[in-house]
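Chemist: got a predicted structure plus its sequence, pasted below:
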Amino acid sequence: MLKQVASFVPAPSHPATYIQAYASGPQSLVPCWTTCLNSLLSSVMLVILSGCLSPIAMHRAVIEYDRTVSYVEADLLLLNIARARYHRPVHFTAVSSVAATFDFRTSAGISGGLGRAPEAAERAINLEYSASVAENPTITIVPITGEEFTKRVLRPLDEDKFEFLVRQGYDINMVLRLMARGIAFDDERGPLVLFNAPSQGEGYREFRRRLLHLAWLDTERQLFVGPIVFEESHTVRTNRPPNPDEVVAALEKGFRWEGDDEGKVHTVRRKAVGRLVIANYDPARLSNEERRHLHEEAQRAPLDSVLVDIRPGYPGGDYPLHGSILLRSMNAIIGFVARSIEEEQELMVSPDVRTKTVVRNPARTLEIEESDSKPGDYEFSVPFDGRYYSVRKYPVSQGMVPSWNQEAFAVLSNLFQMTVTDLTKYPTPAIAIAK
């Protein structure tokens, strides 16, 4: 029966005409292929839209939140430099969490000429679909105050942070110009400190020349920066041979057990990793006793100092130095950079004649530009007290190479990041901002 009807009535050229032709009688048994096709197409579009919108929105959200948080941290550093420029108290706020919910909605429908009325043939069937995405972020920020503020900002940095930055490939001259408060050593006049402050005149110039000498040795691969490794030993006299369990326990802790022929004198030895040293030689070539003495000398100083030993007889030894580099706090670094804007500007210092190779040596450690309007080629810029404080992409100071400023600001940012601890451990009031 279906075959006879299909062969008797010619196929219409328009879908609405097709539906009208088969709206009554035995022809109503013929399926409306256009409606079925549109319904199937709408279902497919819904699946595609919901499947495509979700990962695209998630990808963009993660990238944008990461970019925003990184810029917030950079701008906070710059803002605190601007505060310190006018001797205002610094204040840091950390983003502890970002929670975002996404609402994906899709809808589809079919409209057009369905039904028995004659005017239905004149209305074409239309497929309608829509999609929307709604984002509801909640950002939690934690002001850094109290003990946490003291630990992160006011306490002097330790030698581990200095070693970490140098091992990342940063210029040792750049790192120490930011981190070092000065160099303490003894000479024929007695104890002496070369402070990293332009107001100190010749002492500051000598400090800069010493750093340039270290940078030259580092460029020539003649500078060792690392811990002092030595062997510590302990001797015990007993009247009995060692118990096997005692020997096994000592071996498990990294000790080597040695005894005399009579089994009355026992010596345990273990490799020890000591304090950090900056030297123009490899300490591993020294005797174990010399390395142990070096470690004991460094151990007498606090952790915010680094032993430096530039000896005669080794590369660069004609400009010797034996003393300690004193490290400063994050707050002191920010103050140093802030004062260099105008109050205590850094000077151009030429290297000592015994420093053979010219290394990067800009006058300013980190150039922060103060202006009435925002510059056009800035990397970061924040307004404060009616003026703009910016880090230019292409600094204009004397001797400033294009990449130095960006690297120095990255070192400053990394130093701040290395002082970050788990903020959830401290009962600091958090601020939640919901959009």
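Modeler: Received the coordinates, thanks. Numbering: from 1, shown residues only.
Chemist: low-confidence regions, this protein specifically.
Modeler: With pLDDT under 70 as the threshold, the chain has low-confidence stretches at 1-59, 61, 65, 95-137, 139, 148, 234-266, 268, 394-402, 420-435.
Chemist: all the strands of it, residue numbers only.
Modeler: Under the criterion DSSP state E, strands of the chain are mapped to 93-111, 126-143, 180-187, 190-195, 224-237, 256-259, 265-279, 305-310, 321-327, 369-371, 378-384, 387-392, 431-434.
Chemist: how about the contacts made by Asp372?
Modeler: 387-388 (C-beta atoms under 8 Å, 6 or more residues apart in numbering). Bear in mind the C-beta positions are built from the backbone N, C-alpha and C, glycine included.
Chemist: report the separation between it and Tyr389.
Modeler: Applying C-beta to C-beta, to the nearest Å, the value for Asp372 to Tyr389 is 11 Å.
Chemist: also Arg205?
Modeler: Computed with C-beta to C-beta, the distance linking Arg205 and Tyr389 is 28 Å.
Chemist: okay, the two: which has more neighbours?
Modeler: Regarding Arg205 and Tyr389, a neighbour count based on other C-beta atoms under 10 Å identifies Tyr389 as having more, with 25 against 17.
Chemist: now the helices: where do they sit in this protein?
Modeler: In the chain, helices defined by DSSP state H lie at 2-8, 15-21, 33-85, 146-149, 159-167, 172-179, 202-219, 244-252, 288-299, 330-339, 404-418, listed in chain order.
Chemist: so what does the shortest one touch, helix or strand wise?
Modeler: In other words, helix 146-149. Helix 146-149 sits against no helix or strand, with contacts defined as 3 or more C-beta pairs under 8 Å, 6 or more residues apart in numbering; DSSP states H and E.
Chemist: tabulate the CA atom coordinates of that helix in CSV.
Modeler: Extracted as CSV, the C-alpha positions of helix 146-149 are listed here (Å, rounded to 0.1, in the frame of the first residue of the first chain):
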residue,chain,number,x,y,z
GLY,A,146,51.8,39.5,61.9
GLU,A,147,54.3,36.7,62.2
GLU,A,148,53.9,35.7,58.6
PHE,A,149,54.7,39.2,57.5
